[in-house]
Structures are given as structure tokens and as C-alpha cells.
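Asker: fold the following.
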Amino acid sequence: MARMMRPRRHKEFCRLAGLPVIAKAGGKTCGLLLVFLLAGGRGMAQQPNREPRDYSKSSEWFPRFYRPYMRQEVPAVEPADTAIISRMIRDGKIMLSLADLLSAVVENNLDVAVARYLNSAAETDILRAKAGQAPRGVEGAPIPSGLFAGAIGAGVGEGGGGAGGLGGGGGISGQARAVSLSPRGAFDPTLVLNFSLGHTSSPLNTVRIAGVPVVTTSTTSFQARYQQAFTSGTTLSLTFSSQRQGSTQQSLLFNPSLVSRYSLSVTQNLLSGFGFAVNRRFLEVARNNQQTAHEVFRQRVIGVVAQAQNLYWDLIASRENVQNAERSLAVAEQLYEDNRKRVTIGTMAPVDLIPAESEVASRRRDLVIAQTDFQTQELALKNLFGKQMDPQLAAAPIEATDALPEPKDTDIPKLDEVLLAAMQNRPELRQAERSLVNQRTVVRFTRNSLRPTLTLFGLLASAGLAGDHVIPNPAGGPPIVIREGLGEALRQVGRLSFPEYAFGFTLSVPIKNRDAQADHVRARLDEQQAQTSLQQTGTQIALEVQKAIISLVQNQARVEAARRAVKLSEQALDAEEKKLRAGISTPYDVIRLQRDLVASQRAEVQARVNYAKALVEMARATGTSLDQANISLEKVLRGIS
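Answerer: Numbering: from 1, shown residues only. The predicted structure is shown next:
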């Protein structure tokens with residue numbers, strides 16, 4: 001019963017999968033195996049990653065706390081072409097429409113693949129800025145140098161270690177209770193653990209102090225420090241330390257002794273370095289640069305799409321030039337045969353056969369040139385939509401299925417409409433606007449840096465001391481040992497038995513402040529330069545749009561004139577051939593008119609190609625190339641069409 005049901009289930013599987021059912025002796029099977037065999041290595045190429053990772057988000061650390069310390073997975077580079085190219089190859093030919101070409105370009109073009117990394121790189125800059133470090137910038141979206149205070153490349157979270165018990169906040173030094181501030185820590189909190197075991201032996205020149213000539217000390221130390229900076233200009237540091245020490249010295253109160261201490265320090269900038277706008281400047285620029293990188297990527301894709309469209313029309317023009325060359329050769333050969341017959345019957349002198357024979361040779365040369373140009377255009381187009389030139393792709397000729405567009409009056413847009421579209425869609429304008437936003441961030445930062453540095457600080461610390469306390473026996477017997485361990489030391493710390501606290505401020509006033517003034521003036525000059533560059537970009541875009549309209553109008557007129565010239569050349573050639581048959585013309589006159597016809601046909605093809613390219617340029621100038629081709633930029637970013 002199971003064997004009887006198996007073919008039926010197999011047939012049902014084929015029907016659900018949409019695969020053909022192939023009848024065989026002994027049962028039926030679907031064409032799944034055949035599909036795999038025909039697809040070969042190209043059809044088995046891995047499809048692009050459809051859900052790219054957002055690198056601006058860090059790894060989740062809870063409950064798997066080890067995740068931030070492991071490398072993140074990055075998709076491997078896929079060198080093989082996607083299956084779309086295999087689907088285009090039919091009967092050894094590439095049946096290529098313009099829509100299929102753009103789909104293949106989206107999935108396989110290497111220029112697009114290279115530009116696709118810009119967005120991910122910009123996302124890593126956001127993650128880096130969240131940690132309090134300076135972003136690195138990406139191509140087309142640099143980091144303004146004016147955002148850096150001090151050394152170029154320094155982040156907002158440099159340093160972290162501090163003096164005394166303050167950690168990242170600084171330390172108390174001297175009887176004046178002055179605070180020395182170390183650089184602020186990173187926005188990512190830092191936990192530092194120190195543990196050590198030590199043993200020392202020190203010879204002494206007297207026994208009066210230690211009671212022994214050689215002092216041996218064994219020390220066990222542990223320290224934990226937590227520190228973090230915040231975008232408000234606040235720095236927090238919490239430190240706990242404990243030390244156990246045993247010594248051969250005599251007359252110690254505790255031996256071994258346990259010393260524990262904790263300290264909490266907080267610092268807050270009140271003038272320079274105060275506020276979210278200043279301390280989040282790198283994060284603001286990194287997020288802005290991500291949008292800039294998106295526009296840079298869109299510009300690259302628009303450029304590649306326009307290049308693909310132009311190459312497609314060039315290929316069609318090359319194909320029509322080959323066809324025209326073949327027809328011209330056939331006409332020249334027919335003229336040569338007719339003249340040879342006239343020479344045979346004696347109505348034409350043999351010397352008059354030479355021009356016709358020479359014309360045949362010239363037409364064959366023109367055909368070879370046209371075929372070579374077609375093959376060159378074909379190779380350039382394959383290189384554009386394929387990642388690698390494997391034998392199957394190299395051997396398959398391209399059969400372009402779309403025709404050159406016919407000129408229409410509706411193709412000529414209104415100037416105000418296309419100008420508005422260009423100002424809304426051109427990625428270069430968006431990039432210039434983002435650059436201006438970055439420069440304004442620099443102006444805010446350098447204006448804040450003009451202020452003196454006023455830092456408010458607070459410190460709270462507590463210590464505890466315990467251990468084995470040896471006291472004399474009042475009864476005269478052995479000394480009494482009172483054992484107090486770590487618990488007693490911690491209780492003293494918690495009860496603030498030995499407190500330490502301090503608060504105050506540190507004011508640093510740079511005399512003349514010339515470096516800050518220079519940085520702020522430079523930032524304002526850069527802002528004005530970026531604003532002027534934005535205006536220049538808008539003017540350039542408007543100029544390109546106007547040139548695109550002029551080119552469209554001119555090429556439309558050239559197509560009409562070229563077609564009229566072809567028609568007149570055909571009529572003139574036909575009339576001259578009739579004269580030749582009537583014996584009132586010469587072969588040279590016919591050949592001359594044939595050459596004129598060939599030249600006019602080539603001019604017509606070139607005029608039609610130029611018109612098609614003018615449409616491509618109009619779409620590029622207005623920034624609507626992707627919309628007109630129904631290409632989703634988000635899908636392009638994911639590598640799918």
C-alpha cells in the first residue's frame with residue numbers, strides 16, 4: 001500500500017512546488033533533478049542577505065553577559081552571480097530586456113556591492129559614538145575636524161584612571177583639599193578588578209621600631225572600580241578596596257590586619273563641557289552621517305543605473321549598425337554582380353567594375369568594424385551586470401528585446417516641475433544639507449569651548465580596620481587574641497566609622513583664550529563655506545536640469561531630421577539605380593549615393609540613441625532614475641531586485 005501511495009504523493013509534491021511532472025517507466029517523478037542539473041553552479045549561487053544586520057546596535061549582554069566580548073557575525077562575501085542571470089539565458093542566448101538588465105545590475109553589479117558597505121560602516125560609527133568615542137567617518141561623510149578638542153582623533157571618553165580613590169573623577173591632594181581631575185571616562189561603564197598576592201622581606205638596621213632585624217610581610221589585595229561618564233558632563237566613580245596584610249613586626253595593633261575602603265566621587269562640568277548638545281556631538285554627527293551615507297549610496301546606484309541604461313541603448317545601436325552594414329554589403333554585392341553581368345554582355349567597360357568591387361571590400365570592412373563594436377558593447381554590458389565572466393556567460397550572446405524609444409512631445413517636461421523634482425530628489429543636495437548640519441554642530445561645540453572650565457566635585461569615602469588584635473593578659477598569662485575578620489571591617493565601612501568627605505569646585509580660566517577663539521571662528525567660517533557650497537550645489541543642479549531639457553529638445557529635432565535625410569537618401573539612390581539600368585548614369589554615382597544612405601542611416605541610429613540617452617540624463621538630473629525604473633532603494637541595499 002505504501003508503494004502505491006508513494007508516486008501519488010510525489011506527483012502532489014511536484015504540483016504544489018510548481019515543477020513539471022515527467023513520465024517514466026515505473027512511475028512518475030518531477031523535474032526537480034533536471035532543474036538542479038540545468039542550473040549548475042550559477043543557479044546554486046547563494047541569494048543575497050535579505051535581512052542585513054543593524055550594526056548601530058550592540059550585542060545583548062543579559063543574560064548572556066559574554067556576548068559583548070565576542071566578535072559579531074558579518075555576512076561572507078558572495079562571489080557568485082545570483083540566479084537571475086541563469087534565468088535570462090535561454091537556448092544559449094541572453095534574452096535581455098531593460099527591466100531584466102536593471103534587476104541583474106541591482107543584484108550583481110560590483111560597484112553597487114562596494115557602495116553597499118557604506119551604510120553598514122556608518123552604523124558602526126553610531127555604535128562607536130554611543131560608547132563615547134569619536135566616529136571614524138565613511139567615504140562621502142567625513143567627521144569635521146573641529147569636533148575634536150585637543151589632539152585630532154581624541155574621543156569624548158579618553159582616559160578613565162584617576163588618582164587616589166576618585167578613579168575617573170580625580171583625586172584629593174594636599175592639605176588644601178585641591179582636586180586634580182583626570183579625563184572623563186567613556187559612556188560605556190567600565191568595571192576594573194585588581195587582585196594581587198605579595199610577599200616581601202626587608203632587612204632593618206635597627207630593632208627598636210619593628211622589634212626584629214628582618215621584617216617579612218605577606219599581602220593580599222583586592223580592588224573593584226566602576227566608572228562611567230554621562231552625556232550631561234557628569235562623571236561617576238565608585239571604588240571598593242580590601243587588603244589583608246600579615247607581618248613579623250612586633251607591637252602592631254592588628255596582625256594580620258584587614259583594611260577595607262570605598263569611595264564615591266562625582267564630578268559635574270558647569271561651563272565648558274556642560275550639556276547634552278556638547279557631549280553628544282559625535283553621536284549627532286554619526287547619525288547624520290548615516291543619512292549622508294544613504295544618500296551617497298543612492299547617488300552611486302543612480303549612476304550605475306544610468307550607465308546600464310546608456311550601455312543598453314549603445315548595444316541596440318551597435319546591433320542596428322551591424323544590420324545596416326549587412327544590408328549595405330548586400331546592396332554593394334548586388335551592384336557588383338549586376339555590373340559584372342553588364343561587362344559580360346558588353347554593355348559596360350571592365351574598368352567600370354573596379355569601383356563596385358572596391359565598394360564591396362569597403363562594405364565588408366565596415367561590417368567587421370560594426371561587429372567588433374557590437375561585441376565590445378556586449379562585453380561591457382556583461383561586465384556591468386555580472387560579478388564574474390564564467391564560460392557560460394561569456395559564450396552567450398545578448399539579444400536585446402527592447403526597442404529605442406520613439407520621440408514624443410510629452411517627453412519634454414516643464415522647467416518649473418523638473419526643477420522642483422530635482423531639488424527634492426537629488427542626493428547631492430541632501431549630502432550638502434547634511435554637511436551644513438554637521439558644521440552647525442561644530443559651531444555649537446566650539447562656542448561652548450570658549451567658556452572657562454568650572455567643575456563641581458563631591459567625594460564620600462569610608463574606611464574600616466580589623467584583624468587579629470593581640471592584648472596583654474591582665475592575669476599575667478598568655479596574651480589574649482581577639483579575632484576580627486573582614487565582616488568587622490565592612491561593618492565599620494558601612495557605619496562610616498572613619499569617614500572622609502569633600503566637595504568643592506575647580507575653575508580653570510585660560511588667559512586670552514586664543515586657541516578657543518580661533519577654533520570658533522574657523523567653525524563659523526566652515527559653516528558659511530558649507531552654506532555657500534549648498535547654494536552652489538543647488539545652482540549646479542538647476543543648470544544640469546536646464547541642459548537636460550535643451551538636449552532632449554535638440555535630440556528630438558535631430559531624430560526627425562535624420563529620418564527625413566534617410567528617406568531622401570533612399571529616394572535619391574532608387575532614382576540613380578534606375579538611371580544606371582537605363583544607361584544614363586555611372587556606377588560611381590550609384591556608389592556615392594549608397595555611401596550617403598549608409599551615412600544617413602548611421603546618423604539616424606545615433607540620433608535615436610542620443611534621444612534615449614537624453615531621457616536617461618533627464619531622469620538622472622532630476623534624481624528620479626530609480627523611481628522611473630521601479631527600483632526600491634531599500635531592496636537594493638539588501639541586494640535583491
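Asker: other residues contacting stretch 377-388?
Answerer: By CB atoms under 8 Å, 6 or more residues apart in numbering, the residues outside stretch 377-388 that reach it are 79-81, 85, 96, 101, 104-105, 108-110, 113, 304, 307-308, 311-312, 314-315, 318, 389, 393-394, 397-398. The C-beta positions use only the backbone N, C-alpha and C, and glycine is treated the same way.
Asker: among these, which ones are buried?
Answerer: Buried members of these, scored by 16 or more other CB atoms under 10 Å, are 80-81, 85, 96, 101, 104-105, 108-109, 304, 307-308, 311-312, 314-315, 318, 393, 398.
Asker: in strands only, show me these.
Answerer: Using DSSP state E, the subset of the buried ones among the contacts of stretch 377-388 located in strands is Leu96, Ile398.
Asker: in the sheet, who's paired with the nearest residue to Pro189 once chain neighbours are set aside?
Answerer: Nearest residue to Pro189, sequence neighbours excluded (CB to CB, 6 or more residues apart in numbering): Gln228, at 4.0 Å. When bridges are taken as DSSP bridges, the partners of Gln228 come out as Leu236.
Asker: find me the pLDDT at Gln228, would you?
Answerer: Per-residue pLDDT puts Gln228 at 90.
Asker: that one and Ala186, how far apart?
Answerer: As judged by CB to CB, to the nearest Å, Gln228 and Ala186 stand 7 Å apart.
Asker: now stretch 229-244 - C-alpha only, CSV.
Answerer: The C-alpha trace of stretch 229-244 is given here as CSV (Å, rounded to 0.1, in the frame of the first residue of the first chain):
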residue,chain,number,x,y,z
ALA,A,229,30.7,59.3,32.1
PHE,A,230,27.3,60.7,31.0
THR,A,231,26.4,63.0,28.2
SER,A,232,25.3,65.7,30.6
GLY,A,233,29.0,66.2,31.5
THR,A,234,28.8,64.1,34.7
THR,A,235,31.4,61.6,35.7
LEU,A,236,30.8,58.9,38.3
SER,A,237,33.4,56.7,40.0
LEU,A,238,32.8,54.1,42.7
THR,A,239,35.8,52.2,44.2
PHE,A,240,36.0,49.4,46.8
SER,A,241,39.3,48.0,48.0
SER,A,242,40.3,45.5,50.7
GLN,A,243,43.7,44.4,51.8
ARG,A,244,44.9,41.7,54.2
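Asker: now do the buried residues in it.
Answerer: Quick answer for stretch 229-244 (16+ other CB under 10 Å): 229, 231, 233-244.
Asker: likewise for stretch 372-379?
Answerer: With burial defined by 16+ other CB under 10 Å, the residues of stretch 372-379 counted as buried are Asp373, Phe374, Gln377, Glu378.
Asker: just stretch 541-555 next, same as before
Answerer: Ile541, Ala542, Glu544, Val545, Ala548, Ile549, Ser551, Leu552, Asn555.
Asker: what's the burial count for Ser600?
Answerer: Ser600 has 19 neighbours, counted by other CB atoms under 10 Å.
Asker: could I get the pLDDT score of it?
Answerer: Looking at Ser600, its pLDDT stands at 92.
Asker: so where does it fall, helix or strand?
Answerer: Using DSSP states H and E, Ser600 falls within helix 587-622.
Asker: by contact count, what packs against that helix?
Answerer: Counting contacts by 3 or more CB pairs under 8 Å, 6 or more residues apart in numbering; DSSP states H and E, helix 587-622 is packed against helix 281-345, helix 353-385, helix 415-425, helix 514-582, helix 625-628.
Asker: tell me the most buried of these?
Answerer: When those are scored by mean count of other CB atoms under 10 Å, the highest mean neighbour count falls to helix 281-345 (a mean of 20).
Asker: fine by me, thanks again.
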